[in-house]
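A.B. asks: got a sequence here, can you build the structure:
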Amino acid sequence: MRVALIGSADFGKAALEAFLDRGDAVVAVFCPPDNPKATKPEVLKETTIARGLTPLQFASLKSPEAAQAMIDSKADICVMAYVLQFVPQELVKIPRHGTIQYHPSLLPKYRGPSAINWAIALGEQKTGLTIFRPSDGLDEGPVILQKEVVIGPYDTLGTIYFDHLFPDGIQALLEAADLVVANKHTEIVQDESQANYEGWFDVNAAQIHWANHIGLIYDLIRAGNPAPGAWTKFGEQKVQIYDSHKHVAQTFGAVKGKPGEITQITLDSFFVSCHGGQIEVLKAKGAAGKVTGAELAKELNLEIGQFFVL
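C.D. replies: Numbers count the residues shown, from 1 in each chain. Have a look, this model is predicted:
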């Protein structure tokens, strides 16, 4: 088939390579405009050039030039893989079989830019991916294909995305493209009564409040690992926490220490008390990068009985 691709980053690169490697003709690759502040080249653009194609970069995909480029491509289908620009309906409808888009949640749940983070942070036991028809509404178009992924008790943003939603998403784009071009797909309108939208899982969302229940704190840390990194403060020092274990107290009276209090320092970690138990910090960010909890405790001169900011 003749495929047009709109995308960016590693996921866009992987989608481009997947279609090329199985023999499809990628007839247009739309990449974001160059960012003068970027510290490294855009990987989809670099891969496009390396594979002998010419990247298309438009300041706006609403421009007549972008539409003409899509028309000239004579694409059978357009695939959207990690898209950072607004894509108007006038553009997505140009290919003979329209356009499909990837989203890392089970739509209509968790529409928005940080779907995986929020699913973990809010305690979901499963998430998934959706291939759908893009509309002018954010992640609101009809669903073509979905795949579920279990969120295990030790999963993080990194494991869910890189072990499941990234590779499964690439395969789902191939599968959905085949179904659409063969006219064997169905389109299911999203149930708006089940929809929710969450904004960016940003620095404010990733702040740890030690007075919260242990389950909320543990899920927040998992949701921010590896980015943006759940964080707290020791005095004026910002501390980002990545890997952790939760130690749930069996009874209310068995909780050791007060919220935010350092209760134990071991050879590998340190413990912080919270509502319902203790969080054992295994990995955190020190002055030189990620270190063990014990290394950070030494770096900050932590002592039992001291407190992180609530």
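
A.B. asks: now stretch 172-190: how far from the chain's centre is it?
C.D. replies: From the chain centre to the centre of stretch 172-190 is a distance of 23 Å (C-alpha atoms, centre = their mean, to the nearest Å).

A.B. asks: what's the first-to-last distance across it?
C.D. replies: Stretch 172-190 has an end-to-end distance of 18 Å (criterion: C-alpha to C-alpha, to the nearest Å).

A.B. asks: all helices for the stretch 151-300 of the chain, in order.
C.D. replies: Taking DSSP state H, counting those that start in this stretch, the helices of the stretch 151-300 of the chain run over residues 157-160, 166-181, 214-223, 293-299.

A.B. asks: quick check on Ala50: phi, psi?
C.D. replies: Backbone geometry at Ala50, expressed as degrees, to the nearest 10, gives phi -60, psi -30.

A.B. asks: show the pLDDT at it.
C.D. replies: pLDDT, Ala50: 98.

A.B. asks: re earlier: do you know which of the helices of the stretch 151-300 of the chain lies nearest Ala28?
C.D. replies: Closest to Ala28 of those is helix 166-181 (C-beta to C-beta; 14.6 Å). Where you see a C-beta, it was placed from the backbone N, CA and C, and this is true even at glycine.

A.B. asks: list the buried ones in that closest one?
C.D. replies: By 16 or more other C-beta atoms under 10 Å, the buried positions in helix 166-181 come out as Phe166, Asp168, Gly169, Ile170, Ala172, Leu173, Leu174, Ala176, Ala177, Leu179, Val180, Val181.

A.B. asks: let's see the pLDDT reported for the third one.
C.D. replies: The one in question is Gly169. pLDDT, Gly169: 98.

A.B. asks: please enumerate the helices of the stretch 1-150 of the chain.
C.D. replies: With DSSP H, counting those that start in this stretch as the criterion, the stretch 1-150 of the chain has helices at 9-21, 43-50, 64-73, 89-92, 115-121.

A.B. asks: wait, which of those is closest to Pro32?
C.D. replies: Closest among the helices of the stretch 1-150 of the chain, once you apply C-beta to C-beta, is helix 43-50, at 8.1 Å.

A.B. asks: thinking again about what came up before, any chance of the helices of the stretch 151-300 of the chain in CSV, plus distance to Gln85?
C.D. replies: CSV is the format used below for these (distance: least, C-beta to C-beta, whole Å):
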stretch, distance to Gln85
helix 157-160, 24
helix 166-181, 18
helix 214-223, 26
helix 293-299, 39
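
A.B. asks: the ones you listed: which one's closest to Cys274?
C.D. replies: The nearest among these, by C-beta to C-beta, is helix 214-223 at 5.1 Å.

A.B. asks: return the set of buried residues in that closest one.
C.D. replies: Those would be Ile214, Leu216, Ile217, Tyr218, Asp219, Leu220, Ile221, Arg222, Ala223, for helix 214-223 by 16+ other C-beta under 10 Å.

A.B. asks: now do stretch 245-265
C.D. replies: Within stretch 245-265, the residues scored as buried using 16+ other C-beta under 10 Å are Lys246, His247, Ala249, Val255, Gly257, Pro259, Gly260, Glu261, Ile262, Thr263, Ile265.

A.B. asks: what's near enough to touch the fifth one?
C.D. replies: It stands for Gly257. The contact partners of Gly257, taken as C-beta atoms under 8 Å, 6 or more residues apart in numbering, are Thr263, Ser273, Gln278.

A.B. asks: Phe58: which of those is nearest?
C.D. replies: Nearest to Phe58 among the contacts of Gly257, counting by C-beta to C-beta, is Gln278 at 52.5 Å.

A.B. asks: Provide the partner residues of that closest one in its beta bridges.
C.D. replies: Assessed by DSSP bridges, Gln278 has beta-bridge partners His247, Ser273.

A.B. asks: residues contacting it?
C.D. replies: Neighbours of Gln278 in contact, by C-beta under 8 Å, 6+ apart: Ile214, Lys246, His247, Ala249, Val255, Lys256, Gly257, Thr263, Gln264, Phe271, Val272.

A.B. asks: so which of the helices of the stretch 1-150 of the chain is the most surrounded?
C.D. replies: Of all the helices of the stretch 1-150 of the chain, helix 115-121 has the most neighbours on average by mean count of other C-beta atoms under 10 Å, namely a mean of 24.

A.B. asks: on contacts alone, who are the packing partners of that one?
C.D. replies: Contact partners of helix 115-121 among helices and strands, from 3 or more C-beta pairs under 8 Å, 6 or more residues apart in numbering; DSSP states H and E: strand 126-132, helix 157-160, helix 214-223.
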